[in-house]
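A.B. asks: pasted the sequence and its predicted model underneath.
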Amino acid sequence: MDPREIVNLYYAAWQQRAGDMTGVPLADDFTFTGPVASFTDAAGYTAMAKQAGAAVRSFRVRHQFVDGDRVCSVVDWEMDLLPGVLTAAEILEVRAGKIVRGELIYDAEALRRAMSTTESG
């Protein structure tokens with residue numbers, strides 16, 4: 001599989017399985033950085049994705065660009081916690097058929113506020 005096909009398995013988990021990463025080829029030492037949370041292994045990330053995925057109402061890949069082993073996607077998603085659409089750029093790096101690194105870039109201020117209200121309420 002080429003990097004785009006592997007990355008699209010990852011997005012199918014968000015779109016069709018509420019963040020359940022079962023069957024997504026994440027390297028055991030997958031690292032992820034984002035504005036709300038970061039992870040240094042696949043186990044931590046998959047636990048978060050399953051929890052967060054339960055709140056995702058819609059998820060769409062708007063654009064996707066491939067540069068060798070890196071796939072950059074512009075994604076739109078909606079969550080129960082927030083009104084409106086969140087837009088982000090995500091860069092995923094694939095090596096030897098597995099996703100080894102992810103970086104999610106977006107303004108997460110509204111999400112952080114909603115999460116703190118939910119946690120304190």
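C.D. replies: Yep, it's here.
A.B. asks: and after the lengthiest helix in the chain, which helix or strand comes next?
C.D. replies: If you go by DSSP state H, the chain has its longest helix at helix 3-16. Counting by DSSP states H and E, the next helix or strand C-terminal to helix 3-16 is strand 26-33.
A.B. asks: check which element follows that following strand along the chain.
C.D. replies: Following strand 26-33 in sequence, per DSSP H and E, is helix 42-53.
A.B. asks: list the buried residues for that next one?
C.D. replies: 42, 45-46, 48-50, 52-53 (16 or more other CB atoms under 10 Å). For the C-beta atoms, the positions are set from N, CA and C on the backbone; glycine is no exception.
A.B. asks: by contact count, what packs against it?
C.D. replies: helix 3-16, strand 26-33 (3 or more CB pairs under 8 Å, 6 or more residues apart in numbering; DSSP states H and E).
A.B. asks: distance to Arg112 and mean neighbour count added to these, as CSV?
C.D. replies: Formatted as CSV, these follow (distance: least, CB to CB, whole Å; neighbours: other CB atoms under 10 Å):
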stretch, distance to Arg112, mean neighbour count
helix 3-16, 20, 18
strand 26-33, 16, 17
